[in-house]
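Enquirer: quick one, what's the 3D model for this:
(one chain, ligands or ions: 1)
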Amino acid sequence: MTDLLKAIPHQFNHEEQALLRKALEFAAKAHAGQKRKNGEDYIIHPRGAAIILGQIFPDTTTLAATLLHDVYEDTGVSLEDINKNFGEDIAKLVDGVTKLGHVRFRDSKDKFYVENLRKLFFATSEDIRVILIKLADRIHNMRTISHIPKDKQVKVASETLEVYAPIAARLGIGSWKDELEDLSFQIVHPKEYQETKDIQVKELSSRDENVKEMQKYLIHTLKNEGIKFLDISGRVKRLYSLFHKLKKYDGDISKIHDIIALRIITKSTADCYAALGAIHKHFQPVPGRIKDYIATPKPNGYQSIHTTVIGKGGKTFEIQIRTDLMHEEAERGIAAHWFYNEEGKNHPFTRGLQAPWLKELRAWQENVENPEEFLENLKIDFFKNRIFVYTPKGDIKDLPSGATVIDFAFSVHTDLALHMMGARINGKMASIYDELEKEDVVEIIKNKNPVKISPKWQEYAKTNNAKSKIRAFLNEQNRGLIQRVKDMSFPLPKFFRRK
Ligand code: MN
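Expert: Residues are numbered from 1 along each chain as shown. This next block holds a predicted model:
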């Protein structure tokens, strides 16, 4: 028990410690005699998962549920028992995790696949804590995967790569995404893993001196300019993301500027911009390589300024600038938002739980009748890249790439969409069928009266939000038409009459 508490960087009060102790003892008793594949006592696993979760989300209720997460599935203990001993909240979490455990992503021909996937995401939007427990569970299983047979390893690792890592990414939990990806990458694509690793090692050894030198220059420059910072350190690109980038550039390593980046951590946002200014004053920036994710965060909440500069000796360096809070957020993602919310602290970063995609997901998953369509939609909305576009007033809309003016209009307001007759993109006249690009400013031109919706709209809508509304309105329109035909009491025009 002391080990468990020591391993989690958080001060638990007496009451919290008592709850965790009770959960650990309850789970140990329930799993007594059970062994893992490597011969260890089973309790090592829920304990390990709790420690992993505790690193980013030291919430006592969720930690207790993590300790108990396999009890209902694997031992004779019932949910009522858990409810009696630990209350409804914890019992519900255990139930949610158990149900998620039945989701099989591995065999897409499985009829239950899509249905269960739905449940997974339903659970996501209903209680994100279930997903956090399940991700911690998977990380622990991945860390200890060498004990299971090779063919099973590949199955588990591909599922991790295809489903679990993208979910961690979407929730903004960078540290978990990175670990899940790199652990699975090695098992699913061993050859590519080794090749990528060789490239990384070579790059690191050839640039090591260079990077250290640049780090010194940067520290010197910022100090001279009187800019406050907490830390400047090197960060090495993770293997799986390096692998993807190499693929994108046909293996041309000279096109990749961020295998090693220097990361500056500051106390305030103002210091981030001050640091950027000082750096650009002393080092030539590479055009088109400045990305301000502080002003425009990524859809998962990621914030940082990235710039690439030409350092001493003509070598390019990527520099990332962020505050300590932003850094913590990049590592903990949605878990950081939740925790601060629950504690009732006045914390500026509360976007996470209101993430538009999460709300949208919840809204349309309730209207799905056809599981295949659901899966198709899920692929598009959940995993594809997203773009930011702006309303004329500067409100940001988060849309999937490939989205059109139609999607934009529905994302602003259904009523606006039903009155649209055209649009202006960046001040220029455009069609409602035009595809949007990132950072476009989109203005909808309204008709006085509602317009007739054309079935063509459906073809050009990319978001589920727009698609499902268009479908509903088209059905409505058709019903209205049939009704009007039925209501026609006047005689049909002559040329319609049968001879
Ligand atoms: Mn487990």
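Enquirer: what residue in the stretch 51-200 of the chain comes nearest to the ion?
Expert: residue 137 (4.2 Å; CB to the ion). Every C-beta, even on glycine, is put in place using the N, C-alpha and C of the backbone.
Enquirer: distance check, the residue nearest to that residue when sequence neighbours are not counted against the ion.
Expert: Leaving aside its sequence neighbours, residue 137 sits nearest to residue 49 (CB to CB, 6 or more residues apart in numbering; 4.8 Å). Residue 49 sits 6 Å away from the ion, going by CB to the ion, to the nearest Å.
Enquirer: got a list of what residue 49 touches?
Expert: Applying CB atoms under 8 Å, 6 or more residues apart in numbering, one finds that residue 49 lies in contact with 66, 69, 133, 136, 137, 139, 140.
Enquirer: closest one of those to residue 240?
Expert: residue 139 (14.7 Å; CB to CB).
Enquirer: point out where the chain drops to low pLDDT.
Expert: 102-126, 299, 337-386, 394-396, 481-499 (pLDDT under 70).
Enquirer: near the ion, which residues of this protein show up?
Expert: 70, 137 (CB under 5 Å from the ion).
Enquirer: any idea how far residue 139 is from the residue nearest the centre of the chain?
Expert: By CA atoms, centre = their mean, the mean C-alpha position of the chain lies nearest to residue 170, the distance being 0.5 Å. Distance of residue 170 to residue 139, given as CB to CB, to the nearest Å: 16 Å.
Enquirer: how about residue 446?
Expert: Taking CB to CB, one finds residue 446 at 50 Å from residue 139.
Enquirer: okay, the two: which has more neighbours?
Expert: residue 139 (23 against 15; other CB atoms under 10 Å).
Enquirer: check contacts around that one.
Expert: 49, 52, 176, 179, 180, 183.
Enquirer: and it, that one's in a helix?
Expert: Yes: Residue 139: assigned to a helix according to DSSP: H, G, I helix; E, B strand; the rest coil.
Enquirer: could you tell me the end-to-end distance of stretch 144-162?
Expert: Stretch 144-162 has an end-to-end distance of 19 Å (CA to CA, to the nearest Å).
Enquirer: which parts of it are buried?
Expert: 144, 145, 153, 154, 155, 156, 157, 158, 159, 160, 161 (16 or more other CB atoms under 10 Å).
Enquirer: turn those into JSON lines, including secondary structure.
Expert: Conversion of the buried residues of stretch 144-162 to JSON lines gives the following (three-state DSSP):
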{"residue": "144", "secondary structure": "coil"}
{"residue": "145", "secondary structure": "helix"}
{"residue": "153", "secondary structure": "helix"}
{"residue": "154", "secondary structure": "helix"}
{"residue": "155", "secondary structure": "helix"}
{"residue": "156", "secondary structure": "helix"}
{"residue": "157", "secondary structure": "helix"}
{"residue": "158", "secondary structure": "helix"}
{"residue": "159", "secondary structure": "helix"}
{"residue": "160", "secondary structure": "helix"}
{"residue": "161", "secondary structure": "helix"}
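Enquirer: and the helix or strand hosting residue 21, how far from the chain's centre?
Expert: For residue 21, the host element (DSSP states H and E) is helix 14-30. Put simply, helix 14-30 sits 32 Å off its chain's centre (CA atoms, centre = their mean, to the nearest Å).
Enquirer: what sits up against that helix?
Expert: 1, 4-5, 12, 41, 43, 46-47, 60-61, 63-65, 67-68, 70-71, 75-77, 85-86, 90.
Enquirer: could you redo the last one with a cut-off of 6 Å?
Expert: Among residues not part of helix 14-30, those counted as contacts by CB atoms under 6 Å, 6 or more residues apart in numbering are 1, 43, 46, 60, 64, 67, 68, 71, 75, 77.
Enquirer: and the contacts of residue 49, which are buried?
Expert: Buried among the contacts of residue 49 (16+ other CB under 10 Å): 66, 69, 133, 136, 137, 139, 140.
Enquirer: hmm, back to that, for the strand or helix carrying the residue nearest to residue 137, which positions count as buried?
Expert: Taking DSSP H and E as the criterion, residue 49 maps to helix 44-56. For helix 44-56, burial by neighbour count (16+ other CB under 10 Å) applies to 45, 46, 47, 48, 49, 50, 51, 52, 53, 54, 55, 56.
Enquirer: just stretch 276-285 next, same as before
Expert: 276, 278, 279, 282, 283, 285.
Enquirer: in strands only, show me those.
Expert: residue 285 (DSSP state E).
Enquirer: out of the buried residues of stretch 276-285, the closest to residue 243 would be?
Expert: residue 285 (27.5 Å).
Enquirer: gap between the closest one and the ion?
Expert: From residue 285 to the ion the distance is 48 Å (CB to the ion).
Enquirer: that residue against residue 309, yeah?
Expert: Yes: shown here, residue 285 and residue 309 form a contact pair, counting by CB atoms under 6 Å, at 5.2 Å.
Enquirer: CA atoms only for the helix holding residue 21, dumped as CSV, please.
Expert: Extracted in CSV, the C-alpha atoms of helix 14-30 (Å, rounded to 0.1, in the frame of the first residue of the first chain):
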residue,chain,number,x,y,z
HIS,A,14,-6.5,10.2,5.5
GLU,A,15,-10.0,9.5,4.2
GLU,A,16,-8.6,9.1,0.6
GLN,A,17,-5.9,6.8,1.8
ALA,A,18,-8.4,4.7,3.7
LEU,A,19,-10.5,4.3,0.6
LEU,A,20,-7.5,3.3,-1.6
ARG,A,21,-6.4,0.8,1.1
LYS,A,22,-9.8,-0.7,1.3
ALA,A,23,-10.0,-1.1,-2.5
LEU,A,24,-6.6,-2.6,-2.8
GLU,A,25,-7.3,-5.1,0.0
PHE,A,26,-10.7,-5.9,-1.4
ALA,A,27,-9.2,-6.5,-4.9
ALA,A,28,-6.2,-8.5,-3.5
LYS,A,29,-8.6,-10.8,-1.6
ALA,A,30,-10.9,-11.2,-4.6
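Enquirer: residues of it that come out buried?
Expert: 16, 17, 19, 20, 21, 23, 24, 26, 27, 28, 30.
Enquirer: now it and helix 44-56, what's the angle there?
Expert: Angle, helix 14-30 to helix 44-56, by axes from the mean of the first three to the mean of the last three CA atoms, to 10 degrees: 160 degrees.
Enquirer: the spatially closest residue to residue 282 that is not a sequence neighbour: neighbouring residues, count only.
Expert: Excluding its sequence neighbours, the residue lying closest to residue 282 (CB to CB, 6+ apart) is residue 221, at 5.1 Å. Counted by other CB under 10 Å, the residues lying close to residue 221 total 16.
Enquirer: which secondary structure element contains residue 221?
Expert: Going by DSSP H and E, residue 221 is part of helix 190-224.
Enquirer: buried stuff in that helix?
Expert: So for helix 190-224, counting by 16+ other CB under 10 Å, buried means 192-193, 196, 199-200, 203, 207, 211, 214-215, 217-218, 221-222.
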